[in-house]
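Enquirer: Model the following, please.
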Amino acid sequence: MANTPILTDVVDDLGRPALHRTIGPFQMTLYGLGSMLGSGVYGLIGQAAGQVGNAVWLAFLVALVAALLTALTYASLGSRYPRAGGAAYIAERAYRSPLVGFVVGLAVACSALTSVATQSRVFAANLATFTGSGEGAITLLALGFLLLLMGLVLRGIRESMWVNVLCTCIEAGGLLLVVAVGISYWGSVDLLETPPPGEGGASDVIILVVLQGAVLTFFAFLGFEDSLNVAEECRDPQSTIPIGLIGAMAIAAVIYMAVAITAVSVMPWRELAAAPGPLTAVMDKAAPWLPPIVYTAITLFAVANTALVNYVTASRLAYGMAHQGLLPAWLGRVHATRRTPHLAILALFAVVAPLAVIGTIGQLAAATVLLLLTVFALLNGALVVLKNREGEPRGRFEIPLVLPILGSLVCAGLVIVRVVTGDWRAPAIAGALLAGIFLLYALLRPKAERQVA
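Expert: Below you'll find the predicted structure:
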């Protein structure tokens, strides 16, 4: 009877319907990859070139090292505590504070929800251009897109993951297409050329220039954290999460650096920085025979994929926090047939739809990046605490103590750089969001009584 299914794949330890375990290493890798590739590289490459010049590939490499420190922490934590809403659970467990778990969970949820709302507007705007619809149709298209997205996530994790696989392959294919049409230009420029001292605030020390660019390109790797929230839907999560997370990071890094080298080889970095759609401009020059509509279609898949991953992430966070007692218990209910947290999915639609209609959430999205970096610093610290605490389980993927310490310092440093060098509005909104989270905790606190297992 070796093939008998495990009971906990059907019900949890209280006899309630459990989430469906269908995700393997291949799907997990593409899940993380799809979230990262859709996090802004299509437009980010131009901004990075303006800061770093032809050395933009080196900025991606430095950013990879910085992001990998936290990714390894997430892989280790996922191996130790494979639970939905993992960030909130781990923070509460490590710091023995429901408040910290609540703040961490809702900070991640804020970033996911604003991303879904933003991507719905981007998708609608691109689709309106694609179909020739007027400006007034964008709001209706955005709401229609959100309804389709909600229906897919309600349908089941298996269906959502296969749509993610399709979109990720198309998304990655779009970036590889840039490399394929521009690889003949490789070797034609000095890949260490940086802006002259003083131009755009550039330093005369190449290392400082690259570090400044790395702060920007770091955000292209955001998305790896989404993997932790589908832990209860993984087969053998203790192995699947580390394999998928690190595999996604490695593939993304190779693609990013190849695209960066191609972009600055095809176009002078100043022109690339000035282009409203940098990769589209690269394609226009390197492959003028390719109809522009092709890259518009690829963009639609990329945007849809990012929204899908973030919707799944937010719903699993709500589900996990409900089971911790940090959110109302009804958000943790699972549909008996579809095995999805259907009430959490429906509740999130009620939050995302108004945000998508408002459409003026650019600063809100920037502020949630600060919240995410704060979360990363806290979770790196959480692994340090848990590794030094007696009686904590060990995972199949363990890392040296120095790595989460470095990860926490790097993320805290990036927060400081963003606050000191950027405008005041994003930190102000981040502070307002935190104040709102604290207020919500005060209202729900009687329901947040739970002994961490």
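
Enquirer: which strands and helices sit next to the host helix or strand of Gly105?
Expert: Using DSSP states H and E, Gly105 sits within helix 98-131. Counting by 3 or more Cβ pairs under 8 Å, 6 or more residues apart in numbering; DSSP states H and E, the packing neighbours recorded for helix 98-131 are helix 86-95, helix 137-155, helix 292-324, helix 342-358, helix 362-387, helix 425-444. All C-beta spots, glycine's among them, are computed from the backbone N, C-alpha and C.

Enquirer: Run the angle between it and helix 137-155 for me.
Expert: Here helix 98-131 runs at an angle of 130 degrees relative to helix 137-155 (axes from the mean of the first three to the mean of the last three Cα atoms, to 10 degrees).

Enquirer: quick one: helix 98-131 to chain centroid distance?
Expert: In this view, helix 98-131 has its centroid 10 Å away from the chain centroid, taken as Cα atoms, centre = their mean, to the nearest Å.

Enquirer: got it, and stretch 187-198?
Expert: The answer for stretch 187-198 is 31 Å, by Cα atoms, centre = their mean.

Enquirer: What residues of that stretch count as buried?
Expert: Neighbour-count burial for stretch 187-198 flags 189, 191, 194-195 (criterion: 16 or more other Cβ atoms under 10 Å).

Enquirer: Repeat that for stretch 235-247.
Expert: Quick answer for stretch 235-247 (16+ other Cβ under 10 Å): 237-247.

Enquirer: mind showing which ranges of the stretch 301-450 of the chain have poor pLDDT?
Expert: 359-366, 421-423, 446-450 (pLDDT under 70).

Enquirer: out of the buried residues of stretch 235-247, which are inside helices?
Expert: 237-247 (DSSP state H).

Enquirer: And those residues, which is closest to Ala59?
Expert: Ile246 (21.2 Å; Cβ to Cβ).

Enquirer: From Phe219, how far out is the closest one?
Expert: 19 Å (Cβ to Cβ, to the nearest Å).

Enquirer: try Leu272
Expert: To Phe219, Leu272 is 18 Å away according to Cβ to Cβ.

Enquirer: thinking again about what came up before, include pLDDT, distance to Gly46 and secondary structure when you put the buried residues of stretch 187-198 into CSV, please.
Expert: Output for the buried residues of stretch 187-198, formatted as CSV (pLDDT from 0 to 100; distance: Cβ to Cβ, whole Å; DSSP: H, G, I helix; E, B strand; the rest coil):
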residue, pLDDT, distance to Gly46, secondary structure
Val189, 88, 16, coil
Leu191, 88, 17, coil
Thr194, 79, 16, coil
Pro195, 79, 14, coil
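
Enquirer: tally of neighbours for the residue nearest to Thr22 when sequence neighbours are not counted?
Expert: With sequence-adjacent residues excluded and distances taken as Cβ to Cβ, 6 or more residues apart in numbering, Thr22 is closest to Arg158, at 4.6 Å. Around Arg158 there are 15 other residues, counting by other Cβ atoms under 10 Å.

Enquirer: so Arg158 makes contact with His20?
Expert: Yes. Using Cβ atoms under 8 Å, Arg158 is in contact with His20, at 6.9 Å.

Enquirer: circling back: now the residue nearest to Thr22: which helix or strand?
Expert: Assigned by DSSP H and E, Arg158 belongs to helix 157-182.

Enquirer: out of Leu272 and Phe219, which sits in the more crowded spot?
Expert: Leu272 (25 against 21).

Enquirer: now the more buried one: how far from Ile261?
Expert: Leu272 sits 12 Å away from Ile261, going by Cβ to Cβ.

Enquirer: same thing with Ile405?
Expert: From Ile405 to Ile261 the distance is 33 Å (Cβ to Cβ).

Enquirer: Neighbour count for those two, which is higher?
Expert: With neighbours defined as other Cβ under 10 Å, Ile405 and Ile261 compare such that Ile261 has more, 23 against 16.

Enquirer: how about the buried residues of stretch 187-198 in TSV, adding distance to Met283?
Expert: Converted to TSV, the buried residues of stretch 187-198 look like this (distance: Cβ to Cβ, whole Å):
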residue	distance to Met283
Val189	18
Leu191	21
Thr194	25
Pro195	24
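
Enquirer: So which of those is the closest to Val116?
Expert: Pro195 (35.6 Å).

Enquirer: related to what we said a few turns ago, put together TSV for the helices and strands packed on helix 98-131, with mean neighbour count and distance to Asn54 on each row.
Expert: Below are those laid out as TSV (neighbours: other Cβ atoms under 10 Å; distance: least, Cβ to Cβ, whole Å):
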stretch	mean neighbour count	distance to Asn54
helix 86-95	26	37
helix 137-155	18	37
helix 292-324	24	23
helix 342-358	18	38
helix 362-387	21	26
helix 425-444	15	29
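
Enquirer: Quick one: those helices as JSON lines, columns for distance to Cys110 too.
Expert: Shown next, in JSON lines, are the helices and strands packed on helix 98-131 (distance: least, Cβ to Cβ, whole Å):
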{"stretch": "helix 86-95", "distance to Cys110": "12"}
{"stretch": "helix 137-155", "distance to Cys110": "17"}
{"stretch": "helix 292-324", "distance to Cys110": "9"}
{"stretch": "helix 342-358", "distance to Cys110": "10"}
{"stretch": "helix 362-387", "distance to Cys110": "5"}
{"stretch": "helix 425-444", "distance to Cys110": "6"}
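
Enquirer: what about these, which gets the closest to His335?
Expert: Here helix 342-358 is closest among the helices and strands packed on helix 98-131 (Cβ to Cβ), at 4.3 Å.

Enquirer: Nearest residue to the most centrally placed residue in the chain in space, please, no chain neighbours.
Expert: With distances taken as Cα atoms, centre = their mean, Gly223 lies nearest the centre of the chain, 2.1 Å away. Using Cβ to Cβ, 6+ apart and skipping residues adjacent in sequence, the residue nearest Gly223 is Ser35, 3.1 Å away.

Enquirer: Could you tell me how far the one you found is located from Phe438?
Expert: Using Cβ to Cβ, Ser35 is found at 28 Å from Phe438.

Enquirer: you'd agree Ala273 is up against Gly46?
Expert: Yes. Judged on Cβ under 8 Å, Ala273 makes contact with Gly46 at a distance of 5.2 Å.

Enquirer: before we move on, back to that, mean confidence for the helix holding Gly105?
Expert: The pLDDT scores in helix 98-131 average 83.

Enquirer: Pull out the buried residues from it.
Expert: 98-128.

Enquirer: And for Pro400, the neighbour number?
Expert: Neighbour tally, Pro400, other Cβ under 10 Å: 10.

Enquirer: Next, the angle helix 86-95 makes with the helix holding Gly105.
Expert: 160 degrees.
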